[in-house]
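> I need the structure of the sequence given here:
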Amino acid sequence: TTNNNMAAILLLSVLAAASAQPYIKTGTGIHDITGPVTEIDFMGYAFPGQTGLGIRNRLFSRAFAFEDTDGNRAVYVSMDLCMGMTAMKESVVQKLASAGYAGIYNETNVVVSGIHTHSGPGSYSWFLLYDISMFGMNQKHLDEVVDGIVTSIIAAHNSLANSKPAPITLSQGLLNGANINRSPTSYLANPAEERAKYAQWGGDTDKNMTVVGFEDGSGEKIGMISIFAVHCTSFTNKNRLVSSDNKGYASYKVEQAMNGNFSIPGTGKFVAAFGATNLGDVSPNTLGAWCDGKVGGVYCSTNRSLCGKRNEDCYSVGPSGSALKDKESAEIIGKLQADKALELLAAPQMNIFGKVQAAHMYLNLTDVEVSPNFTTTGQPGRTCRPAVGYSFAAGTTDGPGAFNFYQGDNCSDCQPFWNWARQFIHKPSKDQIACHVPKPILLDTGETEPHPWSPSTVALQIIKIGQLVIVASPTELTTMAGRRLRVAVEKEFAKHGVDVVVVIAGLSNSYAGYTATYEEYQWQRYEAASTLFGPHQLAAYEQEYTKLANAIATGTHVDPGHFELNQSFVNFDLKPGVLLDTHPSGKPFGTVEKDVASTYSKGDEVNVTFIGANLRNDYARGVGYMQVQMQNGSTWVTMMTDANWETTVHWARPKGSTSESLVTCSWDIPPYANEGTYRIVHSAMAKPDLASKNLVAYNGTSSNFQVKSN
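Coordinates of the predicted model:
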């Protein structure tokens with residue numbers, strides 16, 4: 001906020017202003033959106049070879065529906081994927097309309113936001129820049145995600161119908177030790193007096209967590225939303241198992257705490273979302289960047305993140321102390337968020353009352369005239385057609401790129417080969433080059449023919465739940481960029497006498513790269529090179545979001561803009577589907593190839609390998625590929641599935657085979673497991689006929705085994 005005192009002055013003023021306002025109804029919903037877990041590239045690192053080999057935990061869409069006493073509604077969705085894409089948001093709105101919700105939920109009042117895991121399947125964008133490393137768009141996967149999101153929204157809608165108006169609580173507090181700035185030299189380019197305002201609130205990262213809690217009107221807690229700035233890059237680009245990373249683990253631990261240890265994920269009444277915000281330059285790898293990822297060895301160079309002259313050898317390291325222990329790092333950062341969220345949930349600082357409002361526009365960012373009131377220079381500015389710089393290809397210390405690009409490259413004449421090679425995609429015009437200075441253009445993504453590689457039109461949106469303002473951003477804002485946007489929106493509401501708490505929901509509705517401040521842009525590290533629309537992009541966002549804030553505060557309408565897209569250029573998938581599944585003679589699908597031991601202690605890992613099929617045949621939405629079952633008399637009770645963090649399902653081809661599969665199901669026995677008799681069940685679908693698309697269900701069961709105390 002303007003005074004950076006959200007936990008005291010602002011909250012007290014908001015509480016006083018809200019004292020006579022009516023309560024708001026809330027509903028929650030959750031559904032599986034995992035999609036394919038084998039032979040599909042992960043979204044986020046764009047790292048060749050990071051192709052799925054199974055699943056660590058299932059991915060979910062978590063929906064929160066709101067309704068005020070006048071019947072005005074809004075929905076916030078947090079999904080366990082890298083980002084909200086135009087393809088998702090537009091398809092979700094269309095599917096809701098076809099399901100009979102057109103008059104209730106629409107593009108204006110539905111937010112679809114990704115938590116930014118880099119360990120989820122990709123190939124769901126309409127734009128080539130985000131599909132090219134994954135060999136195209138997988139329509140089946142996109143449909144699966146959309147169906148899951150819509151199902152979660154309908155569940156929240158039904159939950160809303162069964163709830164009563166109730167207090168929504170809000171609390172804020174500092175969480176230390178869970179994030180660092182991965183581009184600190186860029187942050188230092190921002191004015192010293194501006195940086196000084198935030199020294200006690202996290203310095204070069206936002207350490208303030210906002211927790212919003214919900215109940216159903218009968219006093220029962222039904223959910224919460226946590227907003228905290230940290231990338232979901234605890235798992236490295238070597239990880240091959242689908243996972244929701246540290247924010248997903250935080251959701252898992254809070255839902256487990258509220259629903260019970262053996263509540264199957266995705267089925268409990270309490271829904272906990274850990275949303276993305278201004279995390280652009282924020283890393284969970286809190287031990288910093290080291291050459292070869294070896295803590296205590298040689299630290300990567302400060303400005304360019306190099307080891308000697310190589311970018312590829314510079315890796316940041318999580319709190320586990322080793323890139324080889326990325327699961328432990330994800331759990332540490334996730335647990336920190338979960339514990340803080342539960343602490344804040346239990347100690348509400350204010351209640352949210354009042355109206356539910358929303359405003360939305362489609363903005364063509366290619367040539368926005370920006371007022372001197374918003375530009376850093378104090379002079380009129382304009383945005384550019386989208387393009388990425390050389391340092392885009394360098395990647396970050398969380399996941400370095402290739403071809404020895406490096407961060408901080410703002411020399412337009414220093415890469416003659418790539419300047420020559422880029423013309424085969426599109427040679428940038430002199431005006432385009434001048435507009436993006438000092439960014440040396442690597443890919444002129446907005447001027448490619450016949451279709452731009454990245455979006456030119458993005459969705460901007462604000463939903464207001466009482467005094468809580470959620471700014472849905474289509475970009476990854478850096479720490480200071482997010483602060484400036486929050487201040488701009490807050491000031492606009494304050495001009496109309498409306499006190500608000502502003503949070504940013506990052507990676508929402510569309511995806512258009514990063515947003516760095518004007519000062520950070522001059523340094524051209526990865527975040528600046530990925531700021532698609534030039535040095536005045538943040539100022540343009542501030543200008544246009546204040547229009548949305550003004551429309552809500554004054555009850556007026558804003559120009560909604562227009563969105564059009566010809567999908568034909570990106571509606572392709574170069575990865576073939578599963579051709580054939582076979583099994584060894586005499587060993588049908590589901591046969592146990594390597595069985596469990598007879599007895600285990602808590603803390604042990606149980607493994608069983610089955611003769612299986614390619615898990616890409618069927619996504620097993622809401623069912624899963626694995627169950628841990630415990631004997632209860634003559635029946636078997638499912639205690640855990642592949643949605644739990646204690647389990648993994650790993651798929652592999654036997655050596656020399658192109659059609660056989662081995663599926664290994666593993667269970668790390670938690671300390672709270674009950675003693676008793678257990679078994680592991682694997683089920684999936686096989687494609688046994690090359691000439692037919694028909695799938696055949698199969699299952700396999702391990703031998704029984706005992707779990708005992710240590």
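> For residue 258, which non-adjacent residue is closest in space?
Distances taken as C-beta to C-beta, 6 or more residues apart in numbering put residue 270 closest to residue 258, at 3.8 Å, once the chain neighbours are dropped. C-beta coordinates here come from the backbone N, C-alpha and C atoms, glycine included.
> no, scratch that, I was asking about residue 317
Closest to residue 317 by C-beta to C-beta, 6+ apart is residue 287, at 4.3 Å.
> Please identify which helix or strand holds residue 74.
Using DSSP states H and E, residue 74 falls within strand 73-79.
> How many neighbouring residues does the nearest residue to residue 388 once chain neighbours are set aside have?
Of all residues not flanking residue 388 in the chain, residue 443 sits nearest, at 5.0 Å (C-beta to C-beta, 6+ apart). Residue 443 is flanked by 22 other residues according to other C-beta atoms under 10 Å.
> Check what pLDDT the residue sitting furthest away from the middle of the chain gets.
Distance from the C-alpha centroid of the chain, by C-alpha atoms, centre = their mean, peaks at residue 586 (44.4 Å). Note for residue 586: predicted pLDDT of 97.
> quick one, phi/psi of it?
phi 80, psi 0 (degrees, to the nearest 10).
> related to what we said a few turns ago, check which helices and strands the strand holding residue 74 is in contact with.
Using 3 or more C-beta pairs under 8 Å, 6 or more residues apart in numbering; DSSP states H and E, the elements in contact with strand 73-79 are strand 60-67, strand 110-114, helix 139-161, strand 271-275, strand 356-364, strand 457-465.
> one step back: show me what contacts the residue nearest to residue 388?
Listed by C-beta atoms under 8 Å, 6 or more residues apart in numbering, the contact set of residue 443 reads 129, 387, 388, 392, 422, 425, 426, 453.
> farthest-separated two in those?
392 and 426 (15.1 Å; C-beta to C-beta).
> Give me the more crowded residue out of these two.
For residue 392 versus residue 426, the count of surrounding residues by other C-beta under 10 Å is larger for residue 392: 29 against 19.
> quick one: the nearest residue to that one once chain neighbours are set aside from residue 395, how far?
Residue nearest to residue 392 in three dimensions, not counting chain neighbours: residue 529, with 4.3 Å by C-beta to C-beta, 6+ apart. Applying C-beta to C-beta, to the nearest Å, the value for residue 529 to residue 395 is 10 Å.
> do the same with residue 65
38 Å.
> who's more crowded, those two?
residue 65 (30 against 23).
> The residue nearest to residue 258: what's it in contact with?
Shown in contact with residue 270 (C-beta under 8 Å, 6+ apart): 28, 221, 222, 223, 224, 254, 255, 258, 259.
> would you list the residues you listed in JSON lines and tack on pLDDT?
Shown next, in JSON lines, are those (pLDDT from 0 to 100):
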{"residue": "28", "pLDDT": "98"}
{"residue": "221", "pLDDT": "97"}
{"residue": "222", "pLDDT": "98"}
{"residue": "223", "pLDDT": "98"}
{"residue": "224", "pLDDT": "98"}
{"residue": "254", "pLDDT": "98"}
{"residue": "255", "pLDDT": "98"}
{"residue": "258", "pLDDT": "98"}
{"residue": "259", "pLDDT": "98"}
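> So which of these wins on neighbours?
Comparing the contacts of residue 270 by number of neighbours (other C-beta under 10 Å), residue 223 comes first, having 28 neighbours.
> pretty sure that residue is in a strand, no?
Yes - assignment of residue 223 by DSSP: H, G, I helix; E, B strand; the rest coil places it within a strand.
> OK, contacts around it?
Contact analysis of residue 223 by C-beta under 8 Å, 6+ apart lists 26, 28, 62, 64, 213, 214, 270, 271, 272, 273.
> Check residue 59 too.
Taking C-beta under 8 Å, 6+ apart as the test, what residue 59 contacts is 32, 33, 34, 35, 79, 80, 81, 117, 120, 242, 244, 248.
> in the chain, which segments are predicted with low confidence?
Within the chain, the set of residues satisfying pLDDT under 70 comprises 1-20, 411-414, 416-421, 424, 565-571.
> Now do the helices in it.
Remark: helices assigned in the chain by DSSP state H are 11-18, 86-96, 139-161, 184-187, 192-197, 245-259, 326-345, 416-421, 430-436, 479-495, 518-521, 526-529, 537-554.
> buried set for the fourth one?
Buried residues in helix 184-187, counted by 16 or more other C-beta atoms under 10 Å: 184, 185, 186, 187.
> Now the phi/psi pair for residue 302, please.
phi -70, psi -50.
> and the gap between it and residue 519?
Where residue 519 is concerned, residue 302 sits at a distance of 17 Å (C-beta to C-beta).
> quick one: which of those two has more around it?
Counted by other C-beta under 10 Å, residue 302 and residue 519 do not tie: residue 519 has more neighbours, with 18 against 11.
> list the contacts for the more buried one?
By C-beta under 8 Å, 6+ apart, residue 519 lies in contact with 189, 190, 191, 376.
> Swap in 7 Å and give it another go.
189, 190, 376 (C-beta atoms under 7 Å, 6 or more residues apart in numbering).
> Excluding sequence neighbours, find me the nearest residue to the first one.
What it means is residue 189. The nearest residue in space to residue 189 (C-beta to C-beta, 6+ apart) is residue 519, at 4.1 Å.
> and if you look at the last one?
Ranked by C-beta to C-beta, 6+ apart and with sequence neighbours excluded, the top spatial neighbour of residue 376 is residue 518, at 3.7 Å.
> do residue 641 as well
Nearest non-adjacent residue to residue 641, counting by C-beta to C-beta, 6+ apart: residue 624, 4.3 Å away.
> returning to what we had before: quick one, which of the helices and strands packed on strand 73-79 gets closest to residue 494.
The minimum distance between residue 494 and the helices and strands packed on strand 73-79 falls on strand 457-465, with 13.8 Å, by C-beta to C-beta.
> which residues touch stretch 612-628?
For stretch 612-628, contacts defined as C-beta under 7 Å, 6+ apart pick out 32, 34-39, 58, 144, 148, 578, 581, 589, 638-643, 647, 649, 651, 661-663, 665, 667, 678, 680-687, 695.
> which of these count as buried?
Among the contacts of stretch 612-628, those buried by neighbour count (16+ other C-beta under 10 Å) are 32, 34-39, 58, 144, 148, 578, 581, 589, 639-643, 647, 649, 651, 661-663, 665, 667, 678, 680-687, 695.
> Looking at strand pairing, list the partners for the closest residue to residue 509 other than its chain neighbours.
Using C-beta to C-beta, 6+ apart and skipping residues adjacent in sequence, the residue nearest residue 509 is residue 459, 4.0 Å away. Assessed by DSSP bridges, residue 459 has beta-bridge partners residue 362.
> So residue 459 sits against residue 475, correct?
No - with contact defined as C-beta atoms under 7 Å, residue 459 does not reach residue 475; the gap is 11.0 Å.
> More neighbours: those two, which one.
Between residue 459 and residue 475, counting by other C-beta under 10 Å, residue 475 is the more crowded of the two (31 against 26).
> so the closest residue to the more buried one other than its chain neighbours bridges to which residues?
Of all residues not flanking residue 475 in the chain, residue 515 sits nearest, at 4.6 Å (C-beta to C-beta, 6+ apart). Under DSSP bridges, the beta-bridge partners of residue 515 are residue 477.
> Hmm, residue 515 is touching residue 481, no?
Yes - using C-beta under 7 Å, residue 515 is in contact with residue 481, at 4.9 Å.
> any shared contact partners between these two?
280, 538.
> wait, doesn't residue 507 sit right on residue 278?
No - using C-beta under 7 Å as the test, residue 507 is too far from residue 278 to be in contact (10.5 Å).
> Report the contact partners of the closest residue to residue 559 other than its chain neighbours.
Nearest non-adjacent residue to residue 559, counting by C-beta to C-beta, 6+ apart: residue 361, 6.4 Å away. The contact partners of residue 361, by C-beta under 7 Å, 6+ apart, come to 460, 548, 558, 559, 560, 561.
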